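Engineer: I'd like to go over a predicted model; first the sequence, then the structure.
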Amino acid sequence: MVLLLCACGVTVPTRYYTLFDAADFRAPRARAASFVVDVQPVGIPAQVDQPQLVVREGDAGMRVLEHERWVAPLADEVRGALTLMLGEQLAMQDAVATKAPAAGQALLAVKVDVQRFDSVPGEYAEVAATWSLRYANRPPSVCTVHERQTVGQGYDELVRGHRRALARIATQIAAAARRLAAGAAVVCTYDG
């Protein structure tokens, strides 16, 4: 009986995760772009838009991990990670940080709507999204992307898998942004 009462008093520590990596905070290496990026609020599926990590179990099951949590709302985590990754690849700060484009700089609006943010521990982290770019007075360019990263065991590895998937998406958006700014058409690629 005493052991049972003692076991009830044991608390499981809560762990917090982020999609940011220390490497994301390094100085930009690319040549600065002629535009400023505005990454707009990101859409996230309601099933995973939780403070806790939500993992897939089996074909249709989902489990909310009470003691494994995002350090900020998932939409903010995705937006912040994409902003940092695009900033590094395009050698710039985002429009929110700079307040307004400098003379001669156009504004590039990036909108990302995530349709899938699947987490299967020990197997894969998957992000499927539609993103659009609006540059100057041109019609928006819209692309769909699907990234799946194999992951090892553990929730840290699962979060790293999502970070890698977002990095690949940011690379595609940055390449499209450069093409758009140069007057070329955006070429959508569908990865997996």
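Structural biologist: Sure, I can see it. Residues are numbered from 1 along each chain as shown.

Engineer: check which helix or strand covers Arg163.
Structural biologist: For Arg163, the host element (DSSP states H and E) is helix 155-181.

Engineer: What of Ala185?
Structural biologist: Under DSSP H and E, no helix or strand contains Ala185.

Engineer: How about the backbone phi and psi for it?
Structural biologist: Dihedral angles of Ala185 (phi, psi; degrees, to the nearest 10) stand at phi -80, psi 150.

Engineer: you'd agree it is up against Cys143?
Structural biologist: No. Using Cβ atoms under 8 Å, Ala185 is not in contact with Cys143, being 11.5 Å away. (C-beta placed from N, C-alpha, C; glycine too.)

Engineer: Between these two, which is the more surrounded one?
Structural biologist: Neighbour tally, Ala185 and Cys143, criterion other Cβ atoms under 10 Å: the higher count belongs to Cys143, 18 against 9.

Engineer: rewinding a little: buried residues in the helix holding Arg163, which are they?
Structural biologist: By 16 or more other Cβ atoms under 10 Å, the buried positions in helix 155-181 come out as 155, 158-170, 172-174, 176-181.

Engineer: again with stretch 37-53
Structural biologist: Here stretch 37-53 shows Val37, Asp38, Val39, Val42, Gly43, Ile44, Val48, Gln50, Gln52, Leu53 as buried, counting by 16+ other Cβ under 10 Å.

Engineer: Contact partners for the spatially most central residue of the chain?
Structural biologist: Nearest to the mean C-alpha position of the chain, by Cα atoms, centre = their mean, lies Val78 at 3.2 Å. Contact analysis of Val78 by Cβ atoms under 8 Å, 6 or more residues apart in numbering lists Leu19, Val42, Ile44, Val112, Val114, Phe117, Leu166.

Engineer: Please, which helix or strand holds Arg63?
Structural biologist: In the assignment (DSSP H and E), Arg63 maps to strand 61-70.

Engineer: Quick one: distance of the following helix or strand past that strand to the chain centre.
Structural biologist: Past strand 61-70, further along toward the C-terminus, the next helix or strand under DSSP H and E is helix 74-90. Taking Cα atoms, centre = their mean, to the nearest Å, one finds the center of helix 74-90 at 6 Å from the center of the full chain.

Engineer: Send me helix 74-90 as CSV with only the CA atoms.
Structural biologist: Provided in CSV are the C-alpha atoms of helix 74-90 (Å, rounded to 0.1, in the frame of the first residue of the first chain):
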residue,chain,number,x,y,z
LEU,A,74,3.2,24.9,-33.3
ALA,A,75,2.1,27.5,-35.9
ASP,A,76,4.6,30.0,-34.4
GLU,A,77,7.3,27.4,-34.2
VAL,A,78,6.9,26.6,-38.0
ARG,A,79,6.7,30.2,-38.9
GLY,A,80,9.7,31.2,-36.9
ALA,A,81,11.8,28.3,-38.2
LEU,A,82,10.9,29.1,-41.8
THR,A,83,11.7,32.8,-41.2
LEU,A,84,15.1,32.0,-39.9
MET,A,85,15.9,29.4,-42.6
LEU,A,86,14.8,31.8,-45.4
GLY,A,87,16.7,34.6,-43.7
GLU,A,88,19.9,32.5,-43.8
GLN,A,89,19.4,31.4,-47.4
LEU,A,90,18.5,34.8,-48.7
